[in-house]
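Participant: Pasting the sequence and the predicted model now:
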Amino acid sequence: MDDHQEQKLSPREMVRAHLPIVLDLVKTASLVVIAVSGLLISHHTHEMTIEIKEANSQITTTEAPIP
């Protein structure tokens, strides 16, 4: 922006000047959201796996042996 010190920029020039910065911010925010979502999904999957294992162990231990 140093080359436009004394000039008033048109709206189009303002968009072109700030677009790379805005796109980098959007890209960074998107990556953060994807990373957090992946962590939450993996945590939920881990909890569900533990619950399924506990449920399976309770079923097998409470059933009477088949004669």
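Facilitator: Yep, that arrived.

Participant: Can you give me the neighbour number for Leu25?
Facilitator: 10 (other C-beta atoms under 10 Å). In short, each C-beta sits where N, CA and C put it, glycine included.

Participant: Going by residue numbers, what spans are helices in the protein?
Facilitator: For the chain, the helices identified by DSSP state H occupy 11-62, in order along the chain.

Participant: just for this structure, where's the confidence low?
Facilitator: Applying pLDDT under 70 to the predicted model, the residue ranges of the chain that meet it are 1-5, 60-67.

Participant: Residue nearest the middle of it, spatially speaking?
Facilitator: With the centre of the chain defined as its mean C-alpha position, the nearest residue by C-alpha atoms, centre = their mean is Ile34, 2.1 Å away.

Participant: That one and Gln7, how far apart?
Facilitator: Look at Ile34 and Gln7: by C-beta to C-beta, to the nearest Å, they are 40 Å apart.

Participant: one step back: how about the residue nearest to the centre of the chain, what does it touch?
Facilitator: Contacts for Ile34 (C-beta atoms under 8 Å, 6 or more residues apart in numbering) come out as none.

Participant: Now do it against Ser42, distance only.
Facilitator: Counting by C-beta to C-beta - Ile34 and Ser42 are separated by 13 Å.

Participant: Check Val26 too.
Facilitator: Between Val26 and Ser42 the computed distance is 25 Å (C-beta to C-beta).

Participant: got it, and Pro20?
Facilitator: Separation of Pro20 from Ser42 (C-beta to C-beta): 33 Å.

Participant: for Thr28, same thing?
Facilitator: With C-beta to C-beta as the criterion, Thr28 and Ser42 are 21 Å apart.

Participant: okay, now Ala55: neighbour count?
Facilitator: Ala55 is surrounded by 10 other residues when neighbours are defined as other C-beta under 10 Å.

Participant: hang on, I meant Met14
Facilitator: Neighbours of Met14 (other C-beta under 10 Å): 13.

Participant: Burial check on Leu9, number of neighbours?
Facilitator: Burial of Leu9 is recorded as 13 neighbouring residues (other C-beta under 10 Å).
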